[in-house]
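**Q** here you go, sequence then predicted model.
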Amino acid sequence: MPPVTGSLPSRGDVLEGQVQTPRGSFWKRDDEGRRPLCSPFPVPFNYGFVPGWVSDDGDQLDALLLGARIERGGRRQAHVLAVAAFRDQGLADPKVILAAEPRSRLRAWETKTLELFFHLYGGIKRVLRPGKPSRFEGWAVPPDP
């Protein structure tokens, strides 16, 4: 099956997420296991991707899996709660927010934590890669209020 490109999942869709960077890690890893980014704070979510979906930047569609720590390489069927609009190196690089347990919405504190995380993540990337804009732009698929 060819990769899904140019579209975003909808709130409520069930997708498979695969973890590259477990919750609590400091190193963000790529598909080959390399460590391209060290965070000054532990990643508060399991960070990975949705297999078979590709972003405008040509990489796998990024995903954050909420809940307990999942080891690197772990896969979970999860519900889409929202999609964050993020720009990396000038290209659209959305982040799908997934919950492994069945529920329909982000908690208010999770929304605020995600927004803070994405603002900090964009700032770190701008420092490490000057001249290549990276920033959180809000919600492409907003969480349920």
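**A** Structure's in. What do you need?
**Q** C-alpha only now, for contacts and for neighbours.
**A** Fine.
**Q** what is the burial count for Gly58?
**A** Residues lying near Gly58 (other CA atoms under 10 Å) number 12.
**Q** measure it to Ala92 for me?
**A** From Gly58 across to Ala92, the span is 10 Å (CA to CA, to the nearest Å).
**Q** what are the buried residues along stretch 41-49?
**A** For stretch 41-49, a neighbour-count test (16 or more other CA atoms under 10 Å) marks 43-49 as buried.
**Q** mind picking the two most distant members of those residues?
**A** The span of those, defined through CA to CA, is set by Pro44 and Phe49 at 15.7 Å.
**Q** got the CA coordinates for the host helix or strand of Leu64 in PDB?
**A** In the assignment (DSSP states H and E), Leu64 maps to strand 60-66. Extracted in PDB, the C-alpha atoms of strand 60-66 (Å, rounded to 0.1, in the frame of the first residue of the first chain):
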ATOM      1  CA  GLN A  60       6.900   9.700   8.500                       C
ATOM      2  CA  LEU A  61       4.000  11.600  10.100                       C
ATOM      3  CA  ASP A  62       5.000  12.400  13.700                       C
ATOM      4  CA  ALA A  63       2.900  11.100  16.500                       C
ATOM      5  CA  LEU A  64       2.800  11.600  20.300                       C
ATOM      6  CA  LEU A  65       1.300   8.700  22.200                       C
ATOM      7  CA  LEU A  66      -0.200   9.700  25.500                       C
END
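**Q** please enumerate the strands of the chain.
**A** 4-5, 14-21, 27-28, 37-38, 46-54, 60-66, 75-88, 91-92, 95-99, 134-141 (DSSP state E).
**Q** make TSV out of these and add distance to Lys125 and mean pLDDT.
**A** TSV is the format used below for the strands of the chain (distance: least, CA to CA, whole Å; pLDDT from 0 to 100):
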stretch	distance to Lys125	mean pLDDT
strand 4-5	24	60
strand 14-21	17	94
strand 27-28	12	78
strand 37-38	8	74
strand 46-54	16	93
strand 60-66	16	94
strand 75-88	8	94
strand 91-92	13	88
strand 95-99	15	96
strand 134-141	6	94
